[in-house]
Structures are given as C-alpha cells and as structure tokens.
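okay, structure incoming, though there's no sequence with it:
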Ligand SMILES: [Zn+2]
C-alpha cells in the first residue's frame, strides 16, 4: 500500500494520548514495519480505523481508506 497522493510508503501514526508523539512506519510487502527507533511496547495498535499520516505530503486518513485505494 502507498499514499494515494504521492505514492510514498512511509507513514506515521499519532499517539492518541499525546498528539506530539508519533510512530513512523513503512508498508513493505503488505506488512507494517515500524522504524527502528519506535518503541513497539508503547506503540498503539494499527487498526482499520486508525488515522495514519503520510510522511511526505499532507494526506491522512484511516488505514481502511488506504486499503480501499490499493484494491
Ligand atoms: Zn503522500
């Protein structure tokens, strides 16, 4: 999956408890790969209704919207 606007595969999600805390990840072969500096123990779970943000442009939306765009 990739960004419907710019084609980038790098995204991030925001901590629901702290909007300034972000967790970066990339889609690789359909799998979510978090950056090496992301603490996976404190990272929120990525669900279909999780809002994700493109790392390269202003696109953001729910994970499900990206899946729909990819299919
Ligand atoms: Zn983008």
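Happy to help now that I have it. Predicted model only: the values in this text are computed from it and were never measured. Numbers count the residues shown, from 1 in each chain.

and residue 40, how far from residue 70?
Distance check for residue 40 against residue 70: by C-beta to C-beta, to the nearest Å, it reads 24 Å. No exception for glycine: its C-beta is placed from N, CA and C like everyone else's.

just residue 15 next, same as before
For residue 15, the distance to residue 70 - C-beta to C-beta - is 25 Å.

one more: residue 41?
For residue 41, the distance to residue 70 - C-beta to C-beta - is 29 Å.

do residue 36 as well
With C-beta to C-beta as the criterion, residue 36 and residue 70 are 25 Å apart.

out of those two, which sits in the busier spot?
Here residue 36 and residue 70 are set side by side on neighbour count (other C-beta atoms under 10 Å), and the busier one is residue 70, at 11 against 6.

show me which residues of the chain are close to the ion?
3, 5, 6, 8, 54, 56, 57, 59 (C-beta under 5 Å from the ion).

pretty sure residue 52 contacts residue 61?
Yes. The pair residue 52 and residue 61 passes the contact test of C-beta atoms under 8 Å, sitting 7.0 Å apart.

settle it for me: which of the two has more neighbours?
residue 52 (23 against 16).
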